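Colleague: here is my input, please return the structure:
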Amino acid sequence: MTGDAGTERAEVLDRSVAPNGPAAGRLPALHVAWLTGQSLELLRFGRGFEHPDGGAAYLGVDGTPDLSAPVHTWITARMAHVYGLAALAGVPGSRPLAQAAFDGLRVRLADGRHGGWLRGIDSSGEPLERGAKSCYDHAFVLLAASTALVAGLEGAGETLDRVVDVMLRRFWDDASGMCVDTWDRAWTELDPYRGVNANMHAVEAFLAVGDALDDAAWYDRAARIASRVITVAAEHDWRIPEHYDAEWQPQLDLNDDNRADQFKPYGATVGHGLEWSRLLVQLAVVRAPVEAQRFVPAAVALFDRAVADGWGVDGREGFVYTTDWSGVPVVRTRMHWVAAEAVGAAWALHDATGDDRFLDLYGAWWDYIARNLVDAEHGSWHHELSERNEPTADVWPGKPDVYHAFQATLIPRLPRRPGLARSVAGGELR
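Modeller: Coordinates of the predicted model:
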């Protein structure tokens, strides 16, 4: 998809089908084939994730499991979700892998003493962070259990019931319409930190469980979270404050001394503006027309801010990781997940609005991914590039999982829907 976008975009995608029509009507056959090839390659790369003790091992650059690294709940849940989707899509060999990852969640990573799920288990068999319980991890367990239910995996119904109970009793704060962040292992002390990252993944999970259970209450909760994030983002020129105190007051300087923190980086995270943009479009599908009319314009505003702040702003292709509150780049590293969310958001907004400019960016960003991120030697995508677009590992060593990249290869081939699993199960994936 290189060359002059103005002349090539008509050749790249057929835009004659109305938004939210069959995705296949707007994708040329070879582009569908290329996306399918990427999906299958990502699944091939990740298939060695099984840890001999249960759960998903952390994968190295070549896909070799690092058995000295902890088994993380979020990685295990993501792999259960990905291979659950692959099983629904009929990819041979995927169902046993999905079940293996899901069993790791059900058995090894679940806290049999106090309930809920541990953050992970280290190489000596001890719980990470003294068994602390995080909304981030539970959101991914909820997502995995929702996909598992649709895919008919063993234990899915019982596990989904358990994580729903924990999410509603421990993390969902109905008064604020948001999720709290972290408890101690015994659920006796709630950390005063509040975070938008966990809430963003809660929105994704809430949409998925609402879809899996046909329960609109989950859409309502997702909408409440999204509405609050939209409001505060608009107050900050559509840059999303990520960190808050217990009263939900933004903490704009948090981690100023640790700016590239893996989960709590300082400043505005460009990729989250893009990810929220896509989620708002998905949420708009299930909300009343008046509310949907709010979500799509907000999605456009978040997208435009992220692109203006992040894409190629230092003279080279790629999205910078973070900026300060005036849009000046802080961490210039290029993360693979940001590019993955960018193509998903661009396609979702093109689908929702019919605006060709999103289509142009969609094509340009797949070009960037193909040139810079797809690892032809070792497989999967490089998870992190330097500002010169050279592989590096300053923030994320190895290639822990395939979740972001895999979903990016599916979203353009599916109709808009709150969750992915039901559409794949319905045979709507091209």
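Colleague: from Leu105, how far out is the closest residue to Gly379 other than its chain neighbours?
Modeller: Spatially, and ignoring its direct neighbours in sequence, Gly379 is nearest to Phe45 (3.9 Å; Cβ to Cβ, 6 or more residues apart in numbering). Where you see a C-beta, it was placed from the backbone N, CA and C, and this is true even at glycine. Computed as Cβ to Cβ, to the nearest Å, the Phe45 to Leu105 distance reads 21 Å.
Colleague: neighbour-wise, which of the two wins?
Modeller: Just comparing Phe45 and Leu105: by other Cβ atoms under 10 Å the higher neighbour count belongs to Leu105, 27 against 21.
Colleague: and that one, what is it in contact with?
Modeller: For Leu105, the contact set (Cβ atoms under 8 Å, 6 or more residues apart in numbering) comprises Gly55, Thr73, Thr76, Ala77, Ala80, Trp117, Val141, Ala144, Ala145, Thr159.
Colleague: would you verify that it is located in a strand?
Modeller: No: in this structure, Leu105 is helix, not part of a strand, as judged by DSSP: H, G, I helix; E, B strand; the rest coil.
Colleague: what's the helix or strand for the residue nearest to Gly379?
Modeller: With elements taken from DSSP states H and E, the one containing Phe45 is helix 29-46.
Colleague: who's in contact with the residue nearest to Gly379?
Modeller: Listed by Cβ under 8 Å, 6+ apart, the contact partners of Phe45 are Leu59, Gly63, Gly379, Ser380, Lys399, Val402.
Colleague: between those, which is nearest Leu213?
Modeller: Val402 (26.2 Å; Cβ to Cβ).
Colleague: per-domain residue ranges of this protein.
Modeller: Annotated domains of the chain cover 1-24+34-46+211-424, 49-191 [automatic domain parsing].
Colleague: nearest to Ala205 among these would be which one?
Modeller: Each of those was checked against Ala205 via Cβ to Cβ, and the shortest separation belongs to domain 49-191, namely 4.0 Å.
Colleague: show me what contacts Asp304?
Modeller: Trp238.
Colleague: specify the beta-bridge partners of Tyr58.
Modeller: Beta-bridge partners recorded for Tyr58 (DSSP bridges): Asp66.
Colleague: can you list the domains of the chain in CSV and add distance to Glu204?
Modeller: Written out in CSV, the entries for those read as follows (distance: least, Cβ to Cβ, whole Å):
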stretch, distance to Glu204
domain 1-24+34-46+211-424, 6
domain 49-191, 6
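Colleague: for those domains, which has the smallest mean pLDDT value?
Modeller: Note on the domains of the chain: domain 1-24+34-46+211-424 shows the lowest mean pLDDT, a mean of 89.
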